[in-house]
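Enquirer: Output the structure for:
(one chain, ligands or ions: 1)
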Amino acid sequence: MALTGVEIFKLLPKTNCKKCGHPTCLAFAMKLAQRQASLDACPDVSEDAKKVLGEASAPPVRPITLGTGDKSVKMGEETVLFRHEKKFVNPCAFAVEVKDTMSEADINKICDDVNSSEMDRVGQKLRIDAIFISNASNDASKFEAAAKTVAAKAPSAAIILGTENAQNAEAAVKAVADRKPLLFGANGSNAEAMAGIAKANKIALGVSAKGLEALSALTEKIKGLGVEDMVIDPGAKTAKEIINENTLIRRAAIKKNFKPLGYPVITFAQRDDVMLETLIAVACVAKYSSIVVLSSVEKWKSLALFTVRQNIYTDPQVPMQVEQKIYKIGEPTADSPLMITTNFSLTYFIVSGEIENSKVPCRLAVMDSEGLSVLTAWAAGKFTASKIAQFLKDSGIENEIKHRELIIPGYVAIMSGAIEEKLPGWKVTVGPREANALPAFLKSR
Ligand code: SF4
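Expert: Model prediction:
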């Protein structure tokens, strides 16, 4: 069971020295109990206390990193059941399956699909993160060859090697060891051999068992064999089973601090019916899977899944924002219109979408309003005439355009005179109130 703040406090030095960044040891203890601080922040904690507290303050879902380099994916570390309690920490990874029975051309095609899957949404880069290589042939050389092909053709994707055959696993892991693959396929009958490979190569091990009791016993056994980093699969197949098992796993880890199930979950969503597969994958994203394995990469599917993942894993208490800058839409010239709005991501995407629809090349100045929409930002004093004037002066836009006309949102027409006062020589034009009127407005000019 997790320790309370007071129990943790009893183990701290109690000198209130503030070196941890908190005013008192008790304040730090409370943060540790809520898992909002790391024990490393206190330099004076004793070794004995570290032993007790280290375990108690560790995140209930063990952190695991999939892959290497700047596109590696961190999983686990979750601390809550529901995102309204606190932000979910590490977004789940999407992996697409490659079978080692496929032709090299087909494997290359999937790698190309993964490489080109990245899309920019609300300022974030979203992509298919990993390739799951299945040892469908049960042949070591074919498995190894597929692993090498994927490693060469998809240099930034994380690699998951799926086999229950320890000999085949050894060959493939060796071939791509520098990519720190996840080895998936440990079960009740091969646990020792698979744990040996994971331990020798310092990689995470995917562990599978039917049902949570068998799975807990297996993770405990593998931990006893010296492997700490695991990803677990309770063998759930239908959407109902997946939601049920994943919820029980997350509850056990978070509410009971039950370590044998405190690992990221991998779920296999592949179906012949791609729509059904997408729906199951959506359920996996919403309900606690850390890796979702898919059968294919399709743009429409990726867009739906990336959107769901982004929505589930953003902080509900912080509005989504885009970067403050002057965005070019189309290929604007020095005579093209200049408009302004705020940096609430929804505002930006709706406004920029409507400008695109108009087919009139424009510049859209997006001002930092801490993620508030136009009217809210104006009411909160974050979208004012003087701030707009300062933003435009600092942006250097006057060197880019020949005219001095700024189109402002209709809802803040009241600011037009004040902006002209702050920006001598500029003319302020009041645009429409609603973004959907922008195409007609721009075309009529
Ligand atoms: Fe207490 Fe350690 Fe923080 Fe100092 S650094 S106030 S001893 S918890």
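
Enquirer: Which residues of the chain lie near the ligand?
Expert: Residues of the chain lying near the ligand by C-beta under 6 Å from any ligand atom: 12-13, 15-20, 22, 25, 28, 42, 44. In short, each C-beta sits where N, CA and C put it, glycine included.

Enquirer: and of those, the nearest to Lys174?
Expert: In terms of C-beta to C-beta, no member of the residues of the chain next to the ligand lies closer to Lys174 than Cys42, at 41.7 Å.

Enquirer: contacting residues for that closest one?
Expert: Contact analysis of Cys42 by C-beta atoms under 8 Å, 6 or more residues apart in numbering lists Leu12, Pro13, Lys19, Cys20, Phe28.

Enquirer: now these as CSV including neighbour count, secondary structure and pLDDT?
Expert: Below are these laid out as CSV (neighbours: other C-beta atoms under 10 Å; DSSP: H, G, I helix; E, B strand; the rest coil; pLDDT from 0 to 100):
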residue, neighbour count, secondary structure, pLDDT
Leu12, 22, coil, 93
Pro13, 14, coil, 94
Lys19, 13, coil, 93
Cys20, 22, coil, 92
Phe28, 25, helix, 92
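
Enquirer: For Lys325, state which of those is nearest.
Expert: Cys20 (37.4 Å).

Enquirer: How much space separates the residue lying closest to the closest one once chain neighbours are set aside from Ala27?
Expert: Closest residue to Cys20 apart from its sequence neighbours, by C-beta to C-beta, 6 or more residues apart in numbering: Ala41 at 4.1 Å. Per C-beta to C-beta, to the nearest Å, Ala41 is found 12 Å from Ala27.

Enquirer: who's more crowded, the two?
Expert: Ala27 (17 against 14; other C-beta atoms under 10 Å).

Enquirer: Is it correct that that one falls within a strand?
Expert: No. Assignment of Ala27 by DSSP: H, G, I helix; E, B strand; the rest coil gives helix, placing it outside any strand.

Enquirer: mind listing what it touches?
Expert: Counting by C-beta under 8 Å, 6+ apart, Ala27 has no contacts.

Enquirer: Kindly state the domain boundaries assigned to the chain.
Expert: Annotated domains of the chain cover 5-57, 64-312, 325-444 [automatic domain parsing].

Enquirer: Show me which of those has the highest average neighbour count.
Expert: Among those, ranked by average contacts under mean count of other C-beta atoms under 10 Å, first place goes to domain 64-312 (a mean of 19).

Enquirer: For the worst-scoring helix or strand of the chain on mean pLDDT, give me every contacting residue.
Expert: Taking mean pLDDT, DSSP states H and E as the measure, the chain has helix 47-57 as its least confident helix or strand, at a mean of 79. The contact list for helix 47-57 (C-beta under 8 Å, 6+ apart) reads Ala2, Leu3, Ile8, Leu11, Leu12, Leu32, Arg35, Ala37, Ser38, Leu39, Val45.

Enquirer: Closest to Thr65 out of those residues?
Expert: The closest of the contacts of helix 47-57 to Thr65 turns out to be Ser38 (C-beta to C-beta; 16.9 Å).
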